[in-house]
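1. need the 3D shape of this:
(one chain, ligands or ions: 1)
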Amino acid sequence: MSVIQKETEVSLVGMDIPALERALAEIGEPRFRARQIFNWIYARKVHSFGDMRNLPKTLRRRLESEAVIHTLTKISHSGSDADLTRKYLFQLSTGEMIESVRIKEKTRITVCLSTQVGCAANCAFCATGRMGFRRNLTAGEILDQFLLLQAESEGRITNVVFMGMGEPFLNYRNVMQAAEILNHPDGISLGARKITVSTVGIIPKIQKFADERRRFKLAISLNSPAQEKRRQIMPVAKSHPLPELLSAARYYYQKTRNHPTFEYVLLEGINDSGNDARRLIRLIGNLPCKVNVIPYNEIGNGFKRPSDDRIERFVRTLYDAPFTVTVRWSRGVDIDAGCGQLAVPLNEDTP
Ligand code: SF4
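-> Now for the predicted structure:
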């Protein structure tokens, strides 16, 4: 199946209202049409220009020949847990593949979106890291995952996490643009605190996120309280060391008064001892935050999930800490849709 987009076609998903206004001005259309189109795409979620009934017929026809709404094509999905969790494979207009996950819980529908094709961070325990890095996704390609997953869902998507393939802060501008459009009151209008950006700890971007006073939630993958061990499983720790990372998290709290979340993927024999838990408490100190413990999802790379007993002991030690502790029993593990399990083959023939 070929979904290669014609080079002359303009993709409208991913443009904010000022960008739409500029694009429409170029073809002699008034500014107010931008808000109408924005509303049709994001609030009314139409999939064709023909359905944008308050646009003149001539403009609809022109958009049909010169622009596209969606640039992604759904290739397949796999379900698990009676379809409570589904993993989707999408093809980009440039031919590469990405994955996204939709997780249904009682009152929530969360989608986990990819931000890059592959990932340069190369965390040792992660399937995406093994793919290497291909390219950043555009804001439109990030948002299109949301729109296509929404079209597949009976209820409204309530939460977005940027935790799929890629490191969001290494694609900062496009991820922020996608998040702002998700949050825009004239469109999807998803609350800022329902949108989580997860990073391995790119320090200058955490500071920028704080300085710009972004209202979205911030999650930082910590995974070890010891610099050397962290560096072994997360090469990015070499240039973004733990003491500076914790200072950046404190800076974020001081600037925004929002509590960061620290993600802690629990790996047997690597970071799951009582000593690790006590060091973690000392490292975080009195920083107001949440620690989210994620028992590892095995992908056949030598890393193991600790036994339930060990997990419980680790978590019980953390209960002495001043911060909140939660355990995320990752959903979708049986279809490789859990944390750190997303990966697609990178076909060298793709353009
Ligand atoms: S865990 Fe995240 S940042 Fe690390 S390699 Fe995987 S996708 Fe990249």
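
2. please make it C-alpha for all contacts and neighbour counts, starting now.
-> Will do.

3. so what does residue 140 have for phi and psi?
-> Taking degrees, to the nearest 10, you get phi -70, psi -40 for the backbone angles of residue 140.

4. what's the closest non-adjacent residue to it?
-> residue 14 (3.6 Å; CA to CA, 6 or more residues apart in numbering).

5. would you say the one you found is within a helix?
-> No: with DSSP: H, G, I helix; E, B strand; the rest coil as the criterion, residue 14 is coil rather than part of a helix.

6. okay, now the residue in the chain positioned nearest to the ligand: neighbour count?
-> Closest approach between the chain and the ligand, counting by CA to the nearest ligand atom: residue 129, at 3.5 Å. Residue 129: 23 surrounding residues under other CA atoms under 10 Å.

7. quick check: residue 259 touching residue 323?
-> No: with contacts counted by CA atoms under 8 Å, residue 259 stays clear of residue 323, the gap being 9.9 Å.

8. now the common contact residues for these two.
-> 288-290 (CA atoms under 8 Å, 6 or more residues apart in numbering).

9. for residue 27, see how far away residue 86 is.
-> 41 Å (CA to CA, to the nearest Å).

10. so for those two, which residue has more residues nearby?
-> The residue with more neighbours, out of residue 86 and residue 27, is residue 86; 23 against 10, by other CA under 10 Å.

11. and the more buried one, helix, strand or coil?
-> Applying three-state DSSP: residue 86 is strand.

12. settle this for me: it is touching residue 109, isn't it.
-> No: counting by CA under 8 Å, residue 86 does not reach residue 109; the two are 11.1 Å apart.

13. shared neighbours of these two, anything?
-> Common neighbours of residue 86 and residue 109 (CA under 8 Å, 6+ apart) are 102-103.

14. tell me the contacts of residue 234?
-> By CA under 8 Å, 6+ apart, the residues touching residue 234 are 121-124.

15. out of those, which touch the ligand?
-> Counting by CA under 6 Å from any ligand atom, 121-123 from the contacts of residue 234 sit close to the ligand.

16. secondary structure added to the residues you listed, as CSV?
-> Output for these, formatted as CSV (three-state DSSP):
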residue, secondary structure
121, coil
122, coil
123, coil
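
17. mark which of those are buried, thanks.
-> 121-123 (16 or more other CA atoms under 10 Å).

18. can I see the domain layout of this structure?
-> Following automatic domain parsing, the chain resolves into domains at 11-68, 73-335.

19. would you mind giving those as a markdown table with mean pLDDT added?
-> What follows is these, written out as a markdown table (pLDDT from 0 to 100):
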| stretch | mean pLDDT |
| --- | --- |
| domain 11-68 | 95 |
| domain 73-335 | 94 |
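
20. single out the most deeply packed of these.
-> Here the criterion is mean neighbour count by mean count of other CA atoms under 10 Å, and of the domains of the chain the winner is domain 73-335, at a mean of 19.

21. mind listing the strands in the stretch 1-150 of the chain by residue range?
-> Secondary structure of the stretch 1-150 of the chain by DSSP state E, counting those that start in this stretch: the strands cover 10-11, 67-68, 73-80, 85-91, 97-104, 109-112, 116-118, 133-136.

22. could these be laid out in a markdown table, adding distance to residue 161?
-> Putting these into a markdown table (distance: least, CA to CA, whole Å) gives the following:
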| stretch | distance to residue 161 |
| --- | --- |
| strand 10-11 | 23 |
| strand 67-68 | 26 |
| strand 73-80 | 19 |
| strand 85-91 | 14 |
| strand 97-104 | 10 |
| strand 109-112 | 5 |
| strand 116-118 | 14 |
| strand 133-136 | 17 |
